[in-house]
Structure formats: C-alpha cells, structure tokens
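**Student:** Structure for the following, please:
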Amino acid sequence: MLKISSLKKLVTDSMAVDLGTASTIIAVKGRGVVLDEPSLVAINELTEEIVAFGQEAADMTGREGRDIIVKAPMIGGVVGDFERTKKMLAHFVKKAKTGGSNISLQAVMSMVSDVTHVEQRALMNAADEAGIGRVFMMEEGLAAAFGAGVLPTDKRASAIVDIGAGTTNVAIVAKGSVVHSTSERYGSNAINDVVATHLRRHRGLQVGEETTESMKANFVSTFLPDDISKTLEVRGRDVQTGSPAAVEVTTGELYPIVEAVVRRIAQLVKDTLTELRPEVAADVYDRGVILTGGGALLDGIDQYMRAYINLAVTVADEPRYATVNGLIKMFDDPKLLERVTNNELHVLQNAEIPFEA
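**Tutor:** Below is the predicted model of the structure:
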C-alpha cells in the first residue's frame, strides 16, 4: 500500500520558472521545458483588463487594435508592474501544469544577483498568488552555471556570463556557490534601442519592435563582419511624411552602434575578472568563460568577448535554457536545493511592497 507521503510525491509538480524581461521559460521535472513565451501582456486601455498573454500578446505588438496596448510587466529582470506580473505568471503556471488543478506545486525561481528584498518579496508574492505552494529562490548566475554543465561538487571556479534581454549577470561559481558576482540592468534589448534610434535619427525611418528584434537576430553582427556591404531593406514609417517607407542598411553601418552595446557588456566582464582572488583568477584563466542567456546567441559575441578579455570563451548548449535547466536540476538533490536557495522569509515578511496598485 502506498503511504500518503509517497502518494504526495507522485502528484507534486516540481517546476522551474525563469521569469525574464523578454521571455518566461518554465520546465517541469521529468518533462523538460514545457513553456517558452514572451513576458508580455496585452491590455485593453479602456477597461484595464488583460486580453492576451505571452505569444498571443506578442503577435499583437505593433499592430494592436485601437484600445489595445502591449506591455512588458518585467523590467530589468525584476517586477515592474506587480499586478500584471502576478496575472501573467499565474497564466503561464496554469498552462504548464499537468492535469488537475489541485496538484500541489513547488517551484524554484531565478532572481538577479542584485535583487533587493522588496523586489524579491514581489517575486515571491507573485509566485504565491499564481498558486505555487512552495517557492525557492535561486541566484540566476548559479542556476545558469549548473545548467551549463558546471557541477555543484566542482572545487575549482568557473565564470558564467548570463546575457539576458534586460540584465547581464557575471557569476563566478565554485563548490556549488557563487563566490563573486556582478549584475547590471543592461542587456541585449539595448541593441534594439540603439538600432531603432539610429534609423530614426540618421535615416528618417521609424521602425517597430518586431523589426529591430528580427534585425538583431538575423542581420547585425557583434564582431566586425567579413562583408560590411551586406544590405537589408528595412521597412517602417517615414519620420517626416508619416507614410510607409523603406531604407537600405548595411552590416557595416550598424556594426559600430551594436559594438558599443557589446563593449559595455564585455567591459563589465573584464572589470569583474579583475576583482577575483588569485586562486579563483587562475581557475578562470585555465577554463575561460561560459556564455549563457539569449544574448549568447548574438552573432559573433563569443569571438568579440574572446578578443576583449583575452580568455577562452564558449557558448553553453541551449544558452537560453541554461538557467531553467539549472533550476530544474535542484529537485534531484534536496540538500543542495536547501543550501543554494535564498528564502530569507523573515526578512522578506517585513519588507513593504511599495508598488502594489
């Protein structure tokens, strides 16, 4: 006969949630990644109601109906709009759940290393209201390291650079814990911004988010391209006349403005590596740096980083899923889970949430 406790183990969904600025990725133990959608909500401005979440909201971006506006409730890896983040997370968690709605849930979530208590509390509360019974919080850099194949038992140090849309996190990990980390609320979204600004100011063309995102993924290079004359026709709206228009841009034209963004990220890595203890620095010198996060998929970023910091640079397998894969591994080792997660509830209970609407 099954004991109640072992029966409970069968029906507990253990979930890993990487709630990011650009995307929310959820993995379930035993099933892998089950959800990967943009962290967006579409809102009816008249009623303030959310009419769509995730991919459905993203499909409306730039082509919204008259009263619809698409918003990202997460800013720089933290909760910018509490009410909407809560609803979005609840929607995603429900989508990711297996079967019955009364299954008890436990989840481990990632957070940026410089998260404040108030921000952490907002994340915990959002998870709580999404119907997750037990929430563990874990530093993003550590999760990304485990997901990129760094073993918790490894005594020697590894350097992980997690480049997200709104944050860049540099974590030096040894013996299953973060020995040094820096984080900046600046990520690959900055490329979209500088490209849009350049086109508006210098080419008189206004473009939407979908266009800049596509250019970032398929056209721009972060390393000096071999063929700087490669062209792309970019369509949008003429700034002066307001009419539909198009301009031709070259990789050579966009390279310097994209390089400025990547240089700032590379400089953060370089600065962090100068702050390490000698033994840790020696390990990193031997092993180099592992890139994770969506920004690791930027064309030429590993080459650029290698040249800038003068160390070996590799891109993790499935870099976008490194964090969530690292989080889900925690459920295989409860002792490690207890040790690496940061649930300072006594501190969090006393923190006020200033931005509840």
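
**Student:** Give me the residue ranges of the chain where confidence is low.
**Tutor:** Applying pLDDT under 70 to the chain flags the ranges 1-12, 98-104, 342-357.

**Student:** Which stretches in it count as helices?
**Tutor:** Secondary structure of the chain (DSSP state H): helices at 4-11, 54-58, 82-96, 117-129, 140-147, 189-203, 209-218, 251-273, 278-287, 301-309, 322-329, 334-340, 345-350.

**Student:** The shortest one packs against which elements?
**Tutor:** I take that to be helix 54-58. Judged by 3 or more Cβ pairs under 8 Å, 6 or more residues apart in numbering; DSSP states H and E, helix 54-58 is in contact with strand 32-38, strand 41-44, helix 82-96. For every residue, glycine as well, the C-beta is placed using N, CA and C.

**Student:** how does it look with 7 Å?
**Tutor:** Under the contact definition 3 or more Cβ pairs under 7 Å, 6 or more residues apart in numbering; DSSP states H and E, helix 54-58 sits against strand 32-38.

**Student:** picking that back up, using TSV, lay out the helices of the chain together with mean neighbour count and distance to Ala159.
**Tutor:** What follows is the helices of the chain, written out as TSV (neighbours: other Cβ atoms under 10 Å; distance: least, Cβ to Cβ, whole Å):
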stretch	mean neighbour count	distance to Ala159
helix 4-11	9	37
helix 54-58	19	33
helix 82-96	20	31
helix 117-129	20	25
helix 140-147	30	9
helix 189-203	18	22
helix 209-218	17	25
helix 251-273	18	7
helix 278-287	15	5
helix 301-309	19	9
helix 322-329	28	14
helix 334-340	14	18
helix 345-350	11	29
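
**Student:** What's the separation between Thr323 and Thr182?
**Tutor:** Counting by Cβ to Cβ, to the nearest Å, the separation of Thr323 from Thr182 is 17 Å.

**Student:** What residues are bridge-paired with the closest residue to Glu56 other than its chain neighbours?
**Tutor:** Spatial nearest neighbour of Glu56, chain neighbours left out: Ala42 (7.3 Å); criterion: Cβ to Cβ, 6 or more residues apart in numbering. Counting by DSSP bridges, Ala42 is bridged to Ala52, Val70.

**Student:** neighbours around Ala42, how many?
**Tutor:** Neighbour count for Ala42, taken as other Cβ atoms under 10 Å: 22.

**Student:** right, and it touches Glu49 too?
**Tutor:** No - using Cβ atoms under 7 Å as the test, Ala42 is too far from Glu49 to be in contact (9.8 Å).

**Student:** follow-up on the earlier one: columns distance to Val315 on top of the helices of the chain, output as a markdown table?
**Tutor:** A markdown table is the format used below for the helices of the chain (distance: least, Cβ to Cβ, whole Å):
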| stretch | distance to Val315 |
| --- | --- |
| helix 4-11 | 36 |
| helix 54-58 | 25 |
| helix 82-96 | 27 |
| helix 117-129 | 28 |
| helix 140-147 | 12 |
| helix 189-203 | 17 |
| helix 209-218 | 15 |
| helix 251-273 | 14 |
| helix 278-287 | 14 |
| helix 301-309 | 5 |
| helix 322-329 | 10 |
| helix 334-340 | 24 |
| helix 345-350 | 35 |
